[in-house]
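Novice: attaching a predicted model along with its sequence, questions to come.
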Amino acid sequence: MASSIQALDAGLAAPDDDELERAAARAHRRYRNKVRAWRVAIIVVVLGAWEIAGRTRAIDPFFFAMPSLIAAKLRVWLTTETPIGSLYAQVWVTLQEAFLGFLIGSVMGVIAGILLGRNRMLSDVLTLYVRIANSVPRVVLGSIFVIAFGLGMASKVALAVVMVFFVVFANAFQGVREADRALISNARFLGASPLQVTTSVVIPSAMSWILASLHVSFSFALVGAVVGEFLGSRQGIGLLIATSQGTFDAPGVFAAMIVLGVIALAADALLTAAERRLLVWRPAITTER
Amino acid sequence: MPSTDTPDPVIELRRVSRRFMTPDGRSLLALRDFDLTVQRGEFVAIVGPTGCGKSTTLNLITGLAQPTTGGVRVLGRPVGGIDPRLGFVFQADALFPWRNVLDNVSAGPRFRGRPRPEAEAEARAWIQRVGLAGFERHYPHQLSGGMRKRCALAQTFINRPEVLLMDEPFSALDVQTRVVMQDELLRLWETTGSSVVFVTHDIEEAIGLADRVYVLTARPATVKAVYEIDLPRPRVLSEIRYAPRFIETSRVIWNDLRHDAIAMA
């Protein structure tokens, strides 16, 4: 009797489980393919419509460009050179400016955020000025920087720093303020000095806030660098855009935009990888291993 | 090295009262005429209705709160700032989530300037003692509630605190795990000889663990009664709760508390 029930169990349950798993995997694959298909469909429709509208002169490709013209422009830039020299040189200059600005701005932002977050008096005095400075459209400062630091890299880096600083500062400050009181008290009882509390409790708990802000702020640094180049420079993607604009080269503007987008996406992927490494202790990430 | 035969209590609260200012500017009396003494090596439990100011007494002992009137002396001197001879086990999880078990337990010695190999060797011994061997590389979120408490106990005991303060440390655990952890605590405490102040709202827990139980009134809290618990040691919680003397003591305390409990509800 018992053995026949076991046999029944084995006969029903085992293939059932397998069958269910296979079905679930199939359903999941089907869903993923559907998502991909829709993504491709949307881009094809949008670009196709744009191309057709341009070719039928529904819109004037001279002003609004056309996907084929943009692709041709990109091909020329990649294989020969842009009106202001090699494309790679321009990318390199803009990258350097954005990266330097990002680095300086985020380090300053983190330090200022931690200092003000840990010091009540300092933050009560200074937050008013931070808020005022934050409310000024920072791009305007670019003009000052071009006047003060000239047409070289320094003025672009300065603008990128200003763009990045406030975002990172606000997040670091908030992260420090949100640090768990119990963890801080625990560290104190375990014998931590105020400095040790900062380094081993406050900074790690602010880390997820800070990293989240770094994601946003690299694109801010890129904006700072490009706008700075726009306002006055001798090289860089921003100058490439300004030059294209000056020669009524609409495909050139779009092509430069695509180059910027690729840079921003690559930087974002790098930061995501860094974040994964730094936050292994967080549940969502470690349980996936 | 203070001589151990001094009659000086380890903790002494004398006619302490504590007044809070609420954000809307009203003042609120949390403690009134509160007296508490803890002798060296003694296990004292503080029981009272929820929200009566039990945790305030711990904050007074640690110096996180200053008494409005009255005096607090800990280890022979007035309280001023966090004393490294005190250990504190929290109600909530206070393990560092970004550190694994080994780094959490060795945190105390590391903060106190011990070299890493030494601190880690001692941490491993304590991890073994609380039954977490094999979990050194696990992060807190990978442990169960009971295991996290074991880790928290190891983290505190490794500093060999002379005074151990515990703020409802086991209240978040399920009943079975709680009894296991209570026995674990008694076992560890009996090897160290620290003085303990254990705050809880669970009368059975207080009777089972402590030498003396302070029962507080509802807010403003003051000492309603003090009970000497003369159950023999070493105790095993899972057995002692059926001893006639345990049942009798808890009946007496329940009767005393009933009025306050009704008033609070």
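Specialist: Structure's in. What do you need? Being a predicted model, the structure only gives us computed values, none of them experimental.
Novice: please parse chain B into its domains.
Specialist: B:1-85+B:166-265, B:94-160 (automatic domain parsing).
Novice: the shortest one: how far from the chain's middle?
Specialist: If I follow you right, that is domain B:94-160. Mean-position distance between domain B:94-160 and its chain equals 19 Å (C-alpha atoms, centre = their mean, to the nearest Å).
Novice: what about that domain, start to end distance?
Specialist: 18 Å (C-alpha to C-alpha, to the nearest Å).
Novice: now the strands for chain B?
Specialist: Assignment of strands within chain B using DSSP state E yields the ranges B:11-21, B:27-38, B:43-47, B:69-74, B:77-78, B:86-89, B:163-167, B:195-200, B:212-216, B:223-228.
Novice: now render the ones you listed as a markdown table, adding distance to chain A.
Specialist: Quick note: C-beta positions are derived from backbone N, CA and C, even for glycine. Output for the strands of chain B, formatted as a markdown table (distance: least, C-beta to the nearest C-beta, whole Å):
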| stretch | distance to chain A |
| --- | --- |
| strand B:11-21 | 16 |
| strand B:27-38 | 17 |
| strand B:43-47 | 18 |
| strand B:69-74 | 13 |
| strand B:77-78 | 18 |
| strand B:86-89 | 4 |
| strand B:163-167 | 9 |
| strand B:195-200 | 14 |
| strand B:212-216 | 22 |
| strand B:223-228 | 26 |
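Novice: turn the ones you listed into CSV, columns for mean pLDDT and mean neighbour count.
Specialist: Below are the strands of chain B laid out as CSV (pLDDT from 0 to 100; neighbours: other C-beta atoms under 10 Å in any protein chain shown):
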stretch, mean pLDDT, mean neighbour count
strand B:11-21, 87, 17
strand B:27-38, 86, 18
strand B:43-47, 93, 25
strand B:69-74, 88, 18
strand B:77-78, 84, 8
strand B:86-89, 92, 25
strand B:163-167, 93, 23
strand B:195-200, 94, 24
strand B:212-216, 90, 23
strand B:223-228, 88, 15
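Novice: closest one to A:Ser208 among the ones you listed?
Specialist: Using C-beta to C-beta as the measure, strand B:86-89 is the one of the strands of chain B that comes nearest A:Ser208, at 26.0 Å.
Novice: need the residues that contact that closest one.
Specialist: Here strand B:86-89 makes contact (C-beta atoms under 8 Å, 6 or more residues apart in numbering or on different chains) with A:185-186, A:189, B:58, B:61-62, B:74, B:152-153, B:156-157, B:159, B:161-167, B:169, B:194.
Novice: put the buried members of these into a PyMOL selection.
Specialist: The PyMOL command for the buried members of these (criterion: 16 or more other C-beta atoms under 10 Å in any protein chain shown) is given here:
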select buried, (chain A and resi 185+186+189) or (chain B and resi 58+61+62+74+152+153+156+157+159+161+162+163+164+165+166+167+169+194)
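Novice: now, which of the contacts of strand B:86-89 lie within helices?
Specialist: A:Ser185, A:Asn186, A:Phe189, B:Leu58, B:Ile61, B:Thr62, B:Ala152, B:Leu153, B:Thr156, B:Phe157 (DSSP state H).
Novice: and the gap between the fifth one and chain A?
Specialist: With the distance defined as C-beta to the nearest C-beta, to the nearest Å, B:Ile61 ends up 12 Å from chain A.
Novice: that residue: what's it in contact with?
Specialist: Going by C-beta under 8 Å, 6+ apart, the list of residues near B:Ile61 reads B:Ile11, B:Leu13, B:Val72, B:Val74, B:Val79, B:Leu86, B:Val163, B:Leu165, B:Val197.
Novice: would you check which pair of these lies furthest apart?
Specialist: B:Leu13 and B:Leu86 (14.6 Å).
Novice: on that earlier part again, figure out which of the domains of chain B is closest to A:Glu97.
Specialist: Checked against C-beta to C-beta, the stretch from the domains of chain B lying closest is domain B:94-160, at 33.6 Å.
Novice: isn't B:Ile229 up against B:Val252?
Specialist: No - under the criterion of C-beta atoms under 8 Å, B:Ile229 is not in contact with B:Val252, lying 11.0 Å apart.
Novice: next, A:Ala179: secondary structure please.
Specialist: coil (DSSP: H, G, I helix; E, B strand; the rest coil).
Novice: need the residues of the stretch 151-289 of chain A near chain B, please.
Specialist: Counting by C-beta under 8 Å from any C-beta of the partner chain, the positions of the stretch 151-289 of chain A adjacent to chain B are A:180, A:182-183, A:185-193, A:196, A:200-201, A:204-205, A:207, A:280-283, A:286.
Novice: can you give me the helices for the stretch 1-150 of chain A?
Specialist: Listed in chain order, the helices of the stretch 1-150 of chain A (DSSP state H, counting those that start in this stretch) span A:2-55, A:61-64, A:67-79, A:87-118, A:120-135, A:141-149.
Novice: could you say which of those helices is packed most deeply?
Specialist: Greatest average neighbour count among the helices of the stretch 1-150 of chain A goes to helix A:87-118 (a mean of 21), per mean count of other C-beta atoms under 10 Å in any protein chain shown.
Novice: which neighbouring elements make contact with that one?
Specialist: If you count contacts as 3 or more C-beta pairs under 8 Å, 6 or more residues apart in numbering or on different chains; DSSP states H and E, helix A:87-118 packs onto helix A:120-135, helix A:153-177, helix A:203-231, helix A:237-246, helix A:250-278.
Novice: tell me the most buried of the domains of chain B?
Specialist: The stretch of the domains of chain B with the highest mean neighbour count (mean count of other C-beta under 10 Å) is domain B:94-160, at a mean of 19.
Novice: I'd like to know how far the residue nearest the centre of chain B sits from B:Val47.
Specialist: Geometric centre of chain B, nearest residue: B:Met166, 1.9 Å, by C-alpha atoms, centre = their mean. Remark: distance between B:Met166 and B:Val47 (C-beta to C-beta, to the nearest Å) = 13 Å.
Novice: over to A:Ser86?
Specialist: From A:Ser86 to B:Val47 the distance is 79 Å (C-beta to C-beta).
Novice: A:Arg57 now?
Specialist: 87 Å.
Novice: residues of the stretch 51-200 of chain B that sit close to chain A?
Specialist: Contact residues (C-beta under 8 Å from any C-beta) of the stretch 51-200 of chain B with chain A: B:62, B:64, B:82, B:84, B:86-88, B:90, B:92-100, B:107-108, B:111-112, B:139, B:141-142, B:155-156, B:159.
Novice: okay, and which of those map to helices?
Specialist: B:Thr62, B:Ala107, B:Gly108, B:Phe111, B:Gln155, B:Thr156.
Novice: name the nearest residue to the second one, sequence neighbours excluded.
Specialist: Okay, so that is B:Ala107. Nearest residue to B:Ala107 in three dimensions, chain neighbours excluded: A:Leu190, at 5.3 Å (C-beta to C-beta, 6 or more residues apart in numbering or on different chains).
Novice: my guess is the one you found meets B:Val105, correct?
Specialist: No - counting by C-beta under 8 Å, A:Leu190 stays clear of B:Val105, with 10.0 Å between them.
Novice: which neighbours do the two have in common?
Specialist: With C-beta under 8 Å, 6+ apart as the test, A:Leu190 and B:Val105 both reach B:Gln155.
Novice: CA atoms only: put the lowest-mean-pLDDT helix or strand in chain B into PDB for me.
Specialist: One helix or strand of chain B scores below all others by mean pLDDT, DSSP states H and E: helix B:244-264, with a mean of 79. Extracted in PDB, the C-alpha atoms of helix B:244-264 (Å, rounded to 0.1, in the frame of the first residue of the first chain):
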ATOM      1  CA  PRO B 244       6.800  26.700  42.600                       C
ATOM      2  CA  ARG B 245       8.800  29.600  43.900                       C
ATOM      3  CA  PHE B 246       9.000  31.100  40.400                       C
ATOM      4  CA  ILE B 247       5.300  30.800  40.000                       C
ATOM      5  CA  GLU B 248       4.600  32.300  43.400                       C
ATOM      6  CA  THR B 249       6.900  35.300  42.800                       C
ATOM      7  CA  SER B 250       5.400  36.100  39.500                       C
ATOM      8  CA  ARG B 251       1.900  35.800  41.000                       C
ATOM      9  CA  VAL B 252       2.800  38.400  43.700                       C
ATOM     10  CA  ILE B 253       4.300  40.800  41.100                       C
ATOM     11  CA  TRP B 254       1.400  40.400  38.700                       C
ATOM     12  CA  ASN B 255      -1.000  41.300  41.500                       C
ATOM     13  CA  ASP B 256       1.100  44.400  42.400                       C
ATOM     14  CA  LEU B 257       1.200  45.500  38.800                       C
ATOM     15  CA  ARG B 258      -2.400  44.900  37.800                       C
ATOM     16  CA  HIS B 259      -3.600  48.400  38.700                       C
ATOM     17  CA  ASP B 260      -1.000  50.100  36.700                       C
ATOM     18  CA  ALA B 261      -1.500  47.800  33.800                       C
ATOM     19  CA  ILE B 262      -5.200  48.600  33.800                       C
ATOM     20  CA  ALA B 263      -4.500  52.300  34.100                       C
ATOM     21  CA  MET B 264      -2.200  52.200  31.100                       C
END
